[in-house]
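Student: Sharing a model that was predicted from the sequence below.
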Amino acid sequence: MWALADRTGLDLNSPYAYVLWGDHFRSSSLIAEAPSDPTPLGFVMGFRPPEDHETLFVWQIGVDERARGRGLAARMLDHLVAELGVSHVEATVTPSNDASAALFRGLGARHDAPVVAALRYGEDMFPGGHEAEVCFRIGPIGQREPGVGTPTTQPPRGDSS
């Protein structure tokens, strides 16, 4: 996951953070791979906040360049929502990240769920000119099946690849 995060230009955490995540949050995260190639095509790092077990908080989501534009990020999110049976999804997104904002709005649309976006963390909370973070809260998730298929997935391994 670390290598894919690095290749895709995400805010990069330490390699240990990805190993730890794969170990402790594997049930709320996933890696998507092509059947013929074990190199990850995408990943979602998520967790259930201790005070709100009905919510999946998405920490990071990344899709390799070769798999972009095919709905993989949406399918990974739909798979996790179905697998976990959560009623809400949350994620923070910087104001300039139009692709992520569209991804989470699309999640709401596919699941007949309202999407509320509100400032969560202002720029003053971050060093080095990091943008503010807007929280997208999607839910309650509707009961109908989402309009996209399920990816080939597996839980993250406890390694940093």
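Tutor: Received the coordinates, thanks.
Student: Parallel or antiparallel, which strands does the helix or strand where Pro38 lies pair with?
Tutor: In this assignment (DSSP states H and E), Pro38 forms part of strand 37-47. If you go by DSSP bridges, strand 37-47 pairs up with strand 30-34 (antiparallel), strand 55-63 (antiparallel).
Student: Please produce a markdown table containing these, extended by distance to Gly46.
Tutor: Every residue, glycine included, has its C-beta placed from N, CA and C. Compiled in a markdown table, these are given as follows (distance: least, CB to CB, whole Å):
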| stretch | distance to Gly46 |
| --- | --- |
| strand 30-34 | 8 |
| strand 55-63 | 5 |
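Student: Which parts of this protein are strands?
Tutor: Along the chain, counting by DSSP state E, strands occupy 30-34, 37-47, 55-63, 88-93, 115-121, 133-138, 153-154.
Student: Confirm for me that Leu41 is in contact with Val63.
Tutor: Yes. Counting by CB atoms under 8 Å, Leu41 does reach Val63; the two are 6.8 Å apart.
Student: Now for these two: what residues contact both?
Tutor: Both Leu41 and Val63 are contacted by Leu72, under the criterion CB atoms under 8 Å, 6 or more residues apart in numbering.
Student: one step back: flag every buried residue along the strand holding Pro38.
Tutor: 40-47 (16 or more other CB atoms under 10 Å).
Student: ok, which stretches of the chain are helices?
Tutor: Under the criterion DSSP state H, helices of the chain are mapped to 2-8, 15-24, 72-84, 98-110.
Student: okay, and for this structure, where does confidence drop off?
Tutor: 143-161 (pLDDT under 70).
Student: switch to 80 and redo it
Tutor: 12, 142-161 (pLDDT under 80).
Student: coming back round to it: any idea which of the buried residues of strand 37-47 is the one closest to Ala91?
Tutor: Of all these, Ala91 sits closest to Gly46, with 8.6 Å by CB to CB.
Student: Show the contacting residues for that closest one.
Tutor: The contact partners of Gly46, by CB under 8 Å, 6+ apart, come to 25, 28-29, 56-59, 80.
Student: Please tell me which one of those residues counts the most neighbours.
Tutor: The most crowded member of these is Leu56, carrying 28 neighbours; neighbours defined as other CB atoms under 10 Å.
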